[in-house]
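1. return a 3D structure for these sequence lines:
(chains A and B)
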There are 2 protein chains.
Amino acid sequence: MSSFSDRLAEAVRRKGPLCVGLDPRWDMLPRDFRETTLISRNDQLRRCAQLTTTFCRETLQLVEPFAGVVKVQAAFFELLGPQGAIALSQVIQTARELGFVVILDAKRGDIASTATAYADAAFGGCSIDGDIFPIWNADALTINPYLGRDAVEPFLAAAKTTKRGVFVLVRTSNAGSGLFQDLVCNGQPLYRHVAAAVANWNATTIGTCGLGDVGAVVGATHPRELAELRAALPNVWFLVPGYGAQGGTAADVKAAYRHDGLGAIVNSSRGVVFPFNRDDPEWKAKIVAAARKAAEELKA
Amino acid sequence: MSSFSDRLAEAVRRKGPLCVGLDPRWDMLPRDFRETTLISRNDQLRRCAQLTTTFCRETLQLVEPFAGVVKVQAAFFELLGPQGAIALSQVIQTARELGFVVILDAKRGDIASTATAYADAAFGGCSIDGDIFPIWNADALTINPYLGRDAVEPFLAAAKTTKRGVFVLVRTSNAGSGLFQDLVCNGQPLYRHVAAAVANWNATTIGTCGLGDVGAVVGATHPRELAELRAALPNVWFLVPGYGAQGGTAADVKAAYRHDGLGAIVNSSRGVVFPFNRDDPEWKAKIVAAARKAAEELKA
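-> Numbers count the residues shown, from 1 in each chain, chains lettered A, B, ... in the order given. Here you go, the predicted structure:
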């Protein structure tokens, strides 16, 4: 298996920079998924989780011609409890079988052996008396840097061993992100300090493509910061949320790419996966059209 | 049901400030849990998760005379996959039945409706076509502030509706926590800015006990900062990790309490739950002795 950064580069070269975000909110699923026959309360979450898996699998097949990367949002699976955990592992497995590079968006952050437990769940699996049991088996995981050095290094170590990657939150796309990320410390905003740490962690992981396995999350809603960070971190992959439903445009994200066209994957979740009213029988055609449009906009 | 802060105050008045941390690492369980008969690979994770539940339930009964609060570490359950999610919900349910205030230590952080999904999983449950299905059903959740205002407010809203609480990471106990938390911004370290935001969020949630539902995580390994934050945040509950195995002493955490004896719960995980060699048949007595010793040290 080649390095994470090289697998990501290969996916972007084949399909372009679109990353499709799977945020399967139950109440947004098409009506034919939601009209279940009456079942017992005990079976309700199981059935919802199964239908969530089915919807995600169908969506993955629909968007496969237009995107080489998917980002799976852990929160909506967690909300379905243990049955949602089964769905999460099934959806990631299907995505890998279809050839997607899979980013698990769980924004994990903890220290030492606890961080290693999260990293093993995401990448290598659970070790029981010498046997290894895969859990999520994602290609990459989003992580939160607030806890500091020893909250990031266990994820880097696990990623290195298993040829996976991480994306560290640097400058997020939400309206309230500035509360702490924009605080100026020693002449630079906090997110630039995090970016500098990312550059440092990434430096020893550069693959054949010229980029490394330690990426940064940088929102499409901050085009100026995208350009500034692209210049400061020439070898770092950016995962760019905020395109589409959150208001970022294809023009806004242009600054995220390197001259060779690599360097950024641009995520669209609702814009591609839920471009329909839930009563719309043409939901599949709507997803295909939305994925095609996003892929073409981002390639242009 | 009274407010989270008042339930926590009641637990501390009855049992003292000890919070027992359940970090059930499979390879540290007593030998009688680990000598399973040969079972198929398919059943292995299920069996480990069941034994993890059993170990946690026995531990909860052993420590119940000495602690009114438990902190359950999500990572070690996540590492057991969907079966671990079943174990997590079972352990939390048992803890509540035994009268513990239960903190789910998952350090979640995301924005908008995604944050609401995590909060609903932790507190109110999953809503399916008008029915509510409890998922983790914890009394409180640890959250990470890096994403900013709109990453915290959905948790606060869900906590308010369900009379639950949150603990925001402020100054963590790990050796590398200073990398970002100690950066000086506008004359104050970053963690003081986070602390000020916590004070602000907490201000509208003050219960009868004089403290509120929005707490702060402040490590026992930083006694000076504990004292400084206690003075700055008189109405904020502190969850203090780092006591015991991580090196913090009862003297180190003294500054975390208010004059009325409330204001802080002090977590011990390995020190109380794994004070034995895994071959030791006397592991139950060792847990009881460790819990008693920690409870007495912290009360003194």
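
2. show me where the stretch 1-150 of chain A dips below the pLDDT cut-off.
-> For the stretch 1-150 of chain A, the stretches with pLDDT under 70 are A:35-38.

3. in it, which residue sits closest to chain B?
-> Going by Cβ to the nearest Cβ, chain B is nearest to residue A:149 of the stretch 1-150 of chain A, at 3.0 Å. In this view, the C-beta of every residue, glycine as well, is placed from N, C-alpha and C.

4. and the nearest residue to that residue once chain neighbours are set aside, its phi and psi?
-> Leaving aside its chain neighbours, residue A:149 sits nearest to residue B:176 (3.0 Å; criterion: Cβ to Cβ, 6 or more residues apart in numbering or on different chains). Backbone torsions of residue B:176, given as degrees, to the nearest 10, read phi -90, psi 10.

5. please apply the same query to the one 3 residues further on.
-> For residue B:179, the backbone dihedrals are phi -50, psi -50 (criterion: degrees, to the nearest 10).

6. and for residue A:192, the neighbour number?
-> 21 (other Cβ atoms under 10 Å in any protein chain shown).

7. likewise for the one 3 residues further on?
-> Residues lying near residue A:195 (other Cβ under 10 Å) number 24.

8. residues making contact with stretch A:155-165?
-> A:1-5, A:8, A:108, A:115-116, A:118-120, A:122-124, A:138-141, A:143, A:166, A:201, A:205, A:213-215, A:237 (Cβ atoms under 8 Å, 6 or more residues apart in numbering or on different chains).

9. swap that for stretch A:247-257, please
-> Against stretch A:247-257 from outside (Cβ under 8 Å, 6+ apart): A:17, A:173, A:218-221, A:223, A:226-227, A:230, A:238, A:240, A:242-243, A:263-264, A:266, A:297-298, A:300.

10. next, the contact list for the residue nearest to residue A:149, please.
-> Residue B:176 neighbours (Cβ under 8 Å, 6+ apart): A:111, A:147-151, A:153.

11. ditto for residue A:126
-> A:120, A:132-133, A:135, B:26, B:45, B:79-81.

12. quick one: buried ones out of those residues?
-> Using 16 or more other Cβ atoms under 10 Å in any protein chain shown as the burial test, these include A:120, A:133, A:135, B:26, B:45, B:79-81 as buried.

13. so who does residue A:201 touch?
-> By Cβ under 8 Å, 6+ apart, the neighbours of residue A:201 are A:152-153, A:156, A:168, A:214.

14. just how off-centre is the host helix or strand of it within its chain?
-> Here residue A:201 sits within helix A:190-202, counting by DSSP states H and E. Taking Cα atoms, centre = their mean, to the nearest Å, one finds helix A:190-202 lying 19 Å from the centre of the chain it belongs to.

15. what residues sit buried inside it?
-> A:190-195, A:197-199, A:201-202.

16. other residues contacting stretch A:286-300?
-> Outside stretch A:286-300, the residues that touch it by Cβ under 8 Å, 6+ apart are A:15-18, A:20, A:59, A:62-63, A:65-67, A:243-244, A:250, A:253, A:266, A:268, A:271-273, A:275-276, A:280.

17. now do residue A:208: how many residues are near it, please.
-> Counted with other Cβ under 10 Å, residue A:208 comes out at 11.

18. which helix or strand contains the nearest residue to it once chain neighbours are set aside?
-> Leaving aside its sequence neighbours, residue A:208 sits nearest to residue A:6 (Cβ to Cβ, 6+ apart; 5.3 Å). Element membership for residue A:6 (DSSP H and E) is helix A:4-15.

19. got the contact list for residue A:7?
-> Contacts of residue A:7 (Cβ under 8 Å, 6+ apart): A:1, A:101, A:139.

20. which residues in chain A form strands?
-> Per DSSP state E, chain A carries strands over the ranges A:18-22, A:69-73, A:101-108, A:126-128, A:131-133, A:140-143, A:165-171, A:184-185, A:188-189, A:214-218, A:238-240, A:264-268.

21. before we move on, back to that, which residues touch the residue of the stretch 1-150 of chain A closest to chain B?
-> By Cβ under 8 Å, 6+ apart, the neighbours of residue A:149 are A:197, B:175-176, B:179.

22. and the two most separated of these?
-> Within the contacts of residue A:149, two members stand farthest from each other by Cβ to Cβ: A:197 and B:175, at 15.5 Å.

23. return the residues of the stretch 151-300 of chain A in contact with chain B.
-> Neighbours of chain B within the stretch 151-300 of chain A, by Cβ under 8 Å from any Cβ of the partner chain: A:151, A:153, A:169, A:172, A:174-181, A:183-186, A:190, A:193-194, A:197.

24. show the buried residues in those residues.
-> A:151, A:153, A:169, A:172, A:174, A:176-181, A:183, A:185, A:190, A:193-194, A:197.

25. my read: residue A:8 touches residue A:69, true?
-> Yes: counting by Cβ atoms under 8 Å, residue A:8 does reach residue A:69; the two are 6.9 Å apart.

26. could you give the number of residues near the spatially closest residue to residue A:141 that is not a sequence neighbour?
-> Distances taken as Cβ to Cβ, 6+ apart place residue A:122 nearest to residue A:141, at 4.3 Å, with adjacent residues excluded. By other Cβ under 10 Å, the residues close to residue A:122 number 30.

27. please tell me how far residue A:122 sits from residue B:28.
-> For residue A:122, the distance to residue B:28 (Cβ to Cβ, to the nearest Å) stands at 22 Å.
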